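>>> Got a predicted structure plus its sequence, pasted below:
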Amino acid sequence: MMFSGDTTVLVIAAHPDDEVLGVGGTIRRHVDAGASVHILIVTEGTTAQYDDAAIIEQKRTQARESAGILGVGQEGGGGSVRFGECPDMRLDTLAHTELNAIIEDAIAAVEPDTVYTHTASGLNEDHRQIHHSTLVAARPHSGVADIYGYFVGSSTEWAPSTPGFDPRLFVTIDETIETKIEALACYATELRPYPHPRSPKRVREYAAYFGGHVGARYAEAFEVVRTRR
């Protein structure tokens, strides 16, 4: 992977915090290289647990604060944070074309050449729905050259009956791991005590595990869904 200021990146996440868990260190690396980075959070991330409009707005605020720490959507800076407003944990109840259209609209708006999306592996049905709709929305001739699938702790590794996560790209985040942890802390309502996968210590351990694959201290891992060179 080349980190370049000429790159436009779209990170697609089902729920607020997925983007940090899966791509946080890599997002910061893209921003530091001068790329334009955009985040699309497809669901409001609350209806499966709460029925409170105030919590939906709280999650949006957390998402914007987290993105700002990663360098996305800051005043005077580049990039954006977009929200799809779909129901949490119920994407399989939407018409496939409806979900496709949300991602297609984001791609048309930001014109990314690189897209990060959920892997099709894992426990979470929302994640799998996002993966398949991304492939439709970013099909050839969409302008998207590269598609990568990312790992989210507490989902990707919890479904042994599905095809396993099979990364072929490892992005070193030795210099951005602390920024990733700081951005994750914005999602205080989603953090859990160690050894839960959404604890800061476990997130760091996952990064160390993937880093060990490529001789780095810390890394994020990605499946290469499609690349065009």
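Great, that's in hand.
>>> where in the protein is pLDDT low?
Applying pLDDT under 70 to the chain flags the ranges 1, 45-53, 75-77.
>>> rerun at 90
Along the chain, the model assigns pLDDT under 90 to residues 1-3, 5, 44-57, 73-78, 85, 87-90, 93-94, 159-163, 189, 229.
>>> where's the residue nearest the centre of it, which helix or strand?
Nearest to the mean C-alpha position of the chain, by C-alpha atoms, centre = their mean, lies E19 at 2.8 Å. Taking DSSP states H and E as the criterion, the element that holds E19 is helix 18-32.
>>> And the contacts of that helix?
By C-beta atoms under 8 Å, 6 or more residues apart in numbering, the list of residues contacting helix 18-32 from outside reads 3, 7, 9, 11, 13, 37, 39, 41, 63, 66-67, 70-72, 78-79, 116, 118, 127, 150-153, 171, 173, 175-177, 179-180, 183-184, 187, 198, 203, 207, 218, 220, 222. Glycine gets a C-beta too; all of them are placed from N, C-alpha and C.
>>> Ok, stretch 178-195 next?
Here stretch 178-195 makes contact (C-beta under 8 Å, 6+ apart) with 16-17, 20-21, 24-25, 28, 58-59, 62-63, 65-67, 69-70, 173, 198-204, 207.
>>> mind checking how far it is from the chain centre?
Relative to the centre of its chain, stretch 178-195 is centred 15 Å away, using C-alpha atoms, centre = their mean, to the nearest Å.
>>> how far does it stretch from start to finish?
One end of stretch 178-195 to the other measures 19 Å (C-alpha to C-alpha, to the nearest Å).
>>> What residues sit buried inside it?
Applying a neighbour-count criterion of 16 or more other C-beta atoms under 10 Å, the buried positions in stretch 178-195 are 179-184, 186-187, 190.
>>> Select only the buried ones of the contacts of helix 18-32 in PyMOL?
Buried subset of the contacts of helix 18-32, written as a PyMOL selection, criterion 16+ other C-beta under 10 Å:
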select buried, resi 7+9+11+13+37+39+41+63+66+67+70+71+72+78+79+116+118+127+150+151+152+153+171+173+176+177+179+180+183+184+187+198+203+207+218+220+222
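>>> In strands only, show me the contacts of helix 18-32.
9, 11, 13, 37, 39, 41, 116, 118, 150, 171, 220, 222 (DSSP state E).
>>> which ones are touching the third one?
When contacts are counted by C-beta under 8 Å, 6+ apart, A13 touches 19, 22, 39-42, 118, 130.
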